[in-house]
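1. Structural data only, the sequence is not supplied:
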């Protein structure tokens, strides 16, 4: 368009989304809509509030930003700045962003690991958004997406992003590369194939997704193919999912690789689990070059892993023989940890399927109604060591055969009658779980 205010017709449209947002005066009862045609857009990063952080697009009022299609409506924020974070900033309960792709967002400064570089959903909803195709050049790599307590991310894709550290600088990771769920809601979203550059990535805790905050809720998501391919620091917890609190349910965490071999690191391939509830999830085909596929860490809050299947994972255990486990408690104690109604099977490990080192306080770690190789260690808790008889066909992979000893062998809890499994089917079929 000609860029003629108030940009109310196609022929008068502006090429700046921020200008269009600034031109509307909606209220809570009558949100405005900004339609974005197919094309490639850039915006000039601007400072906000009283600090030095910058964004490209601010949405601080009830505005719906609707792209034509997330593959063809593309925001390419390619300019690097030592001050800027960049991307979209949603900060109103009725603000929405949909149908766009965001790529090549900025890095940031040390100490900004709680902020997003591509999409910060403080309040409102981002739906059908793709954060992908980035080759991020920066000294500090922040989370691509942050979803806070009043924010929602749904039906979106965060993947195929890579970090190329700025020439002449040492690269540093901060927090998580993919999605940081800080009390918010994420559903039906894929976080796949994110890869940081090799180097001194000192403060990455996970590549795929980090979940914290009691109100955090992640459901029906795919976390797949994320790779941590090296570095020299020891704060790396997992390549796939790092859960500290909240609820993660009906998610698939598969084919993530943690190549860090530093002994002091937690170094899980699939999941590092420090708190909250993980249920009805599939954890499969993940690789850890040092330790566990699912690492249960020391935590003061109760953590529960229930109705999960952990299968076909690999812990190479190249640095310390006999330590790697699918569920590995590598600390002196685990407080209030519960593993129930789970299946661990065919995991290729340097150690055992459930690894509790000498001195572990087993009183605080409850494993019940679960299939794993060391079930004889818990003979009174309904655990099984028998083959669970999982299907191997592609369409029904990891579901139970009719003859499986795990059928009707789970514990029945108050909420399981109404619960749904990973496929969306009732969890309670027949006499029991």
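-> Thanks, I have it. The structure displayed is predicted, hence computed values, not measured ones. Residues are numbered from 1 along each chain as shown.
2. ok, now how distant is residue 196 from residue 8?
-> From residue 196 across to residue 8, the span is 44 Å (Cβ to Cβ, to the nearest Å). Heads up, the C-betas are built off the backbone N, CA and C, glycines and all.
3. Same question for residue 121.
-> Distance of residue 121 to residue 8, given as Cβ to Cβ: 28 Å.
4. The closest residue to residue 12 other than its chain neighbours in helix, strand or coil?
-> Nearest-residue entry for residue 12: residue 4, 4.1 Å, with adjacent residues in sequence omitted and distances by Cβ to Cβ, 6 or more residues apart in numbering. What DSSP: H, G, I helix; E, B strand; the rest coil gives for residue 4 is coil.
5. okay, residue 4: pLDDT?
-> The confidence metric pLDDT takes the value 78 at residue 4.
6. ok, now the one 5 residues further on?
-> Among the per-residue scores, residue 9 shows a pLDDT of 77.
7. counting contacts, what elements does whatever helix or strand residue 338 lives in pack onto?
-> Residue 338 belongs to strand 337-340 when assigned by DSSP states H and E. Helices and strands touching strand 337-340, by 3 or more Cβ pairs under 8 Å, 6 or more residues apart in numbering; DSSP states H and E, are strand 303-306, strand 365-368.
8. quick revisit: who's more crowded, residue 196 and residue 8?
-> Neighbours per residue (other Cβ atoms under 10 Å) separate residue 196 from residue 8, with residue 196 holding more: 24 against 11.
9. what's the pLDDT at that one?
-> At residue 196, the predicted lDDT confidence score is 80.
10. is the closest residue to it other than its chain neighbours in a bridge, and if so with what?
-> Excluding its sequence neighbours, the residue lying closest to residue 196 (Cβ to Cβ, 6+ apart) is residue 163, at 4.5 Å. Note on residue 163: beta-bridge partners by DSSP bridges are residue 136.
11. Can you give me the neighbour number for residue 163?
-> Neighbourhood size, residue 163 [other Cβ under 10 Å]: 22.
12. Show me what counts as buried in the longest strand along the chain.
-> The single longest strand within the chain, with elements called by DSSP state E, is strand 88-103. Using 16 or more other Cβ atoms under 10 Å as the test for burial, strand 88-103 gives 88-92, 94-103.
13. The residue nearest to residue 12: neighbouring residues, count only.
-> Under the neighbour criterion other Cβ under 10 Å, residue 4 is assigned a count of 12.
14. close enough to count as contact, residue 73 and residue 99?
-> Yes. Distance between residue 73 and residue 99: 5.9 Å, which falls inside the contact criterion (Cβ atoms under 8 Å).
15. what residues are shared contacts of these two?
-> For the pair residue 73 and residue 99, residues contacting each of them under the criterion Cβ atoms under 8 Å, 6 or more residues apart in numbering are 36, 67.
16. if we can go back for a sec, roughly how far apart are the residue nearest to residue 12 and residue 385?
-> In this view, residue 4 and residue 385 are 74 Å apart by Cβ to Cβ.
17. worst-scoring helix or strand of the chain, pLDDT-wise?
-> Sorting the helices and strands of the chain by mean pLDDT, DSSP states H and E puts strand 325-328 at the bottom, at a mean of 47.
18. before we move on, back to that, among the helices and strands packed on strand 337-340, which gets the worst mean confidence?
-> Among the helices and strands packed on strand 337-340, strand 365-368 carries the lowest mean pLDDT, a mean of 66.
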